[in-house]
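S.K.: need a 3D model of the sequence below.
(chains A and B, ligands or ions: 1)
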Amino acid sequence: MTEKLQRILPMVQKPARYTGGEYNEIKKNLEDVRVRVAFCFPDTYEIGMSNVGMRILYGVMNEMDGVWCERVFAPWGDMEEAMRANKLPLWALESQDPVTDFDMIAITIGYEMCYTNILNMLDLAGVPLYAKERHGLKNIVFAGGVCTFNPEPLADFVDFFSLGEGEESTVEIVSLYDRAKAENWSKEKFLTEVAKIPGVYVPSFYEHSYNSDGTLKAITTMEDAPKTVTKRIVENLDDAYFPTKMIVPSTEIVHDRANLEVFRGCIRGCRFCQAGFSCRPVRKKSPEVLYRQAVETLVDSGHNEITLSSLSTSDYRQLKQLTDEMIPYCESRRINLSVPSLRADNFSRELMQKLQTLRKSGLTFAPEAGTQRLRDVINKNLTEEEILTTCANAFSGGWNNVKLYFMLGLPTETDEDVLGIADLVYKVIQTWKEHASNKKRGLRIHVATAYFVPKPHTPFQWEKQIDPQEYLRRCRLLKDHFYSKSIEYNYHTPDISRLEAVTARGDRRLAPVLVEAMKNGAKLDGWDEYFNYQAWLDAFETCGIDPDFYTVRGFGEDEILPWDTIDVGVTKKFLLKERKQAYAETVTPDCRHGCAGCGAAALLQEVKCDA
Amino acid sequence: MLRLLFEKTGNAVWISHLDLMRLFQRAFKRAGLPLTHTQGFNPRPSVSIALPLSVGVESVCELLDFTLDGASVPCEEICERLNAALVPGVRVREAYDTGKKLKELAFLDCAVTFEYDNGIPADIHEKLQKLFAAESLIVPKKGKNGIQDQDIIPMIKKLEIAKAGEKKLVLNARICCQNPSLNPMQLVAAIGLHLPELKPDFAKCKRLEIYDLNQEVFR
Ligand code: SF4
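M.R.: Numbers count the residues shown, from 1 in each chain, chains lettered A, B, ... in the order given. Down below sits the predicted model:
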């Protein structure tokens, strides 16, 4: 195999991503290994190695005695072609052994548009796609990640899902497998036992039946499987496992830097945001632990950049204390400290100035909607005034670049809201004219609109997606109202967001569609170079599935939802209430103004929700 | 300014020149050896690697120039600390501070291995010897200004052909590596072009030693 690979490598782009051998890569002696895990990331090396979750779980599993976890990524098209031509099955980086040699195949799933990559990777590995075609314990496939909060489109392929944060549950799962293998259990026995681990969902223990109109009729639970499966969380992040010895890629990746998560969950409650709800409750790390982990990570990796990440870092209460400590450390060592997702409050503005955020990443806002009315509907707490004040400051400081991100097709959106975007942009131009200290270079405003995708476990999970023609009409309407030459307007094509809406809220009937799409050549759908809409359309056609059922139809409030088995902590009751509030154009204040009762606090036993 | 003599072998040969620079910058940091930085808007650690290797080429004689910021560290220690911070396949052989001027680099020795899956063709020795003994041997070369013909004979100082098993042939050559320079893979291209029946199924290259204008080992 290595011989073949050595001949292929000179012919493909960026061969270093296929060979492993990076600093801190973990190798073990096979004689000491009882369970081998092939950890698959269903996208390229550059994307996968930028994923913090995968790095944590790689560490978690390799800390276990007798367990060796290795990495597997999706090959780029040129490599895939060479692999298929040379009959070279997909391999893991560390040992270069084929995936079929492994006991467990773990998959982390961060976004819907990688579903065809999952199937393509199994196919390249020579592993049967459908769970029912895999017998015995070998090659058991399990998956986790944000997307698995609606696991149903993948239910026929994946043997079991590990829902929520995996620092603790992964150890329980792999230990059980270790025992199962030693005691020679059947696959059925293992699945029965693994289903008893909190947070584990075994889809084959649930039967979905449908009404004649296509809606779900019932979800029937088999065996002793729980009616709902509640996602796992780590209560105390300070004590949670965090690897400060991380793999340092030898070739450039997307986020080529150290990354520390300052807290989990979100206090904001933007009604369109899946992460905002499904990652609750709020739990923080202490600044002392973060500082120690930052220093250890930087010393060990030799990185010259570190990011403090979270869903909304300005909401980290001890941000000042942490950055006061980090800034001198980083400055004296020529390390770049970056703090993305800052809001426009006073402290954040000061911090951006200190960190020279503007110089490095520019002035960026995501108002998401053009009018205050619609921002109230979606509970996006960002006012025109905040935007314009921040812009005025930046313009008088010599800055001449702004990026603004919006969505089109939000619930209740009218043409007035669409034109509100043009209005806001026009006000930014006005502000520049009034405040710019340096007008010679002119102003550049980048405006981008995305096509709204309703996501499970949000107050908008029942909403219709507007149809693609209507989305394009709104894009053109907006475009026609951009007169200034300073504006550069980009809108996403609707195709991918439409498919995303299908897969995000899809059910088990999508399984054959995914297989068919993959056979039609759909892969690396997130990459412009490969995205092939026709492959998908043909697949829907062949399988007799109407994508509109999942998009423009909308779901009824009393309809059984495919993801009803999954409990992420936030209750359906709360989501319904939030939906009503949205239609009433009423905001729900952030959690610092008082707990809104989302329900996620019930997941905590030892600590309180730290919003 | 200090200099490293290092090797790049095994799977590390797939690391590109730019990635290797970044890899060394991080290795220096991990080793607790701060580098001086370039001036300007985006200061970068100043390391430079002579004669960038093509991806896939092995070498045991690479040079990297650098300057440490702050207290001086004994050369043996630099070598040890870096090796602890590097990746498999990249190994520092030596660190020293009195190197020759890079512009005096002129020649290198390389070994090009030819693999013939169906065994080495008959008479290959004579045929290759004849090919490379010619007055001139034109091979097109991709450059900045498109494809241009290049006569490779004047750039070959020495060439030996040796069998290495039933299916492998090794071409040991001393060639020009700077003003002008010959990419050793052009030797393979020459065969493919002029003796297509002897084209190997696979060829790979290894850099063995570098020399100055007087053909003395360059350090
Ligand atoms: S439990 Fe209350 S405070 Fe915590 S995230 Fe939910 S609404 Fe906010």
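S.K.: how about the secondary structure of the closest residue to A:L524 other than its chain neighbours?
M.R.: Sequence neighbours aside, A:Y530 is the residue nearest to A:L524 in space, at 3.9 Å (criterion: C-beta to C-beta, 6 or more residues apart in numbering or on different chains). Heads up, the C-betas are built off the backbone N, CA and C, glycines and all. For A:Y530, the secondary structure call by DSSP: H, G, I helix; E, B strand; the rest coil comes out as coil.
S.K.: right, and the helix or strand after the host helix or strand of A:R84?
M.R.: Counting by DSSP states H and E, the secondary-structure element that holds A:R84 is helix A:77-85. Using DSSP H and E, the next helix or strand after helix A:77-85 towards the C-terminus is strand A:104-108.
S.K.: buried stuff in the helix holding A:R84?
M.R.: Under the neighbour-count criterion of 16 or more other C-beta atoms under 10 Å in any protein chain shown, helix A:77-85 has A:M79, A:E80, A:A82, A:M83 buried.
S.K.: likewise for stretch A:310-328?
M.R.: Of the residues in stretch A:310-328, those buried by neighbour count under the rule 16+ other C-beta under 10 Å are A:310-316, A:318-319, A:322-323, A:325-326.
S.K.: same deal with stretch B:20-35?
M.R.: Buried positions in stretch B:20-35, judged by neighbour count with 16+ other C-beta under 10 Å: B:20-31, B:33, B:35.
S.K.: near the ligand, list only the ones from those residues.
M.R.: Among the buried residues of stretch B:20-35, no residue lies close to the ligand (C-beta under 6 Å from any ligand atom).
S.K.: filter those down to the ones near chain A?
M.R.: When the buried residues of stretch B:20-35 are filtered against chain A using C-beta under 8 Å from any C-beta of the partner chain, the residues retained are B:R22, B:L23, B:Q25, B:R26, B:A27, B:F28, B:K29, B:R30.
S.K.: closest to B:F132 among these?
M.R.: The closest of these to B:F132 turns out to be B:L23 (C-beta to C-beta; 36.2 Å).
S.K.: A:H208 is in what secondary structure piece?
M.R.: Using DSSP H and E, A:H208 sits in strand A:206-210.
S.K.: partners of that strand in the sheet?
M.R.: Next to strand A:206-210 in the sheet, as set by DSSP bridges, lie strand A:216-221 (antiparallel).
S.K.: so what strands line up beside the helix or strand following the strand it pairs with?
M.R.: Sequence order places strand A:229-230 as the next helix or strand after strand A:216-221, per DSSP H and E. Using DSSP bridges, the neighbouring strands of strand A:229-230 in the sheet come out as strand A:566-567 (parallel).
S.K.: whatever helix or strand comes next after the strand it pairs with - what's its average pLDDT?
M.R.: Counting by DSSP H and E, the next helix or strand C-terminal to strand A:566-567 is helix A:572-583. pLDDT averaged over helix A:572-583 equals 98, rounded to a whole number.
S.K.: the nearest residue to A:G276 once chain neighbours are set aside in helix, strand or coil?
M.R.: With C-beta to C-beta, 6+ apart as the measure, A:C266 is the residue that lies nearest to A:G276, at 4.3 Å, once sequence neighbours are left out. Assigned with three-state DSSP, A:C266 falls in the coil class.
S.K.: which residues touch A:C266?
M.R.: With contact set as C-beta atoms under 8 Å, 6 or more residues apart in numbering or on different chains, A:C266 has these partners: A:C273, A:A275, A:G276, A:F277, A:C279, A:R280, A:V282, A:L311, A:S312, A:D315.
S.K.: 7 Å instead?
M.R.: With contacts defined as C-beta atoms under 7 Å, 6 or more residues apart in numbering or on different chains, A:C266 is in contact with A:A275, A:G276, A:C279, A:R280, A:L311, A:S312.
S.K.: and it, how far is that from A:G597?
M.R.: For A:C266, the distance to A:G597 under the criterion C-beta to C-beta, to the nearest Å works out to 16 Å.
S.K.: hmm, back to that, can you add distance to B:A134 and pLDDT and give the buried residues of stretch A:310-328 back as JSON lines?
M.R.: JSON lines is the format used below for the buried residues of stretch A:310-328 (distance: C-beta to C-beta, whole Å; pLDDT from 0 to 100):
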{"residue": "A:S310", "distance to B:A134": "68", "pLDDT": "92"}
{"residue": "A:L311", "distance to B:A134": "69", "pLDDT": "92"}
{"residue": "A:S312", "distance to B:A134": "71", "pLDDT": "90"}
{"residue": "A:T313", "distance to B:A134": "68", "pLDDT": "90"}
{"residue": "A:S314", "distance to B:A134": "72", "pLDDT": "88"}
{"residue": "A:D315", "distance to B:A134": "74", "pLDDT": "92"}
{"residue": "A:Y316", "distance to B:A134": "72", "pLDDT": "93"}
{"residue": "A:Q318", "distance to B:A134": "75", "pLDDT": "94"}
{"residue": "A:L319", "distance to B:A134": "72", "pLDDT": "94"}
{"residue": "A:L322", "distance to B:A134": "70", "pLDDT": "96"}
{"residue": "A:T323", "distance to B:A134": "69", "pLDDT": "94"}
{"residue": "A:E325", "distance to B:A134": "70", "pLDDT": "95"}
{"residue": "A:M326", "distance to B:A134": "66", "pLDDT": "95"}
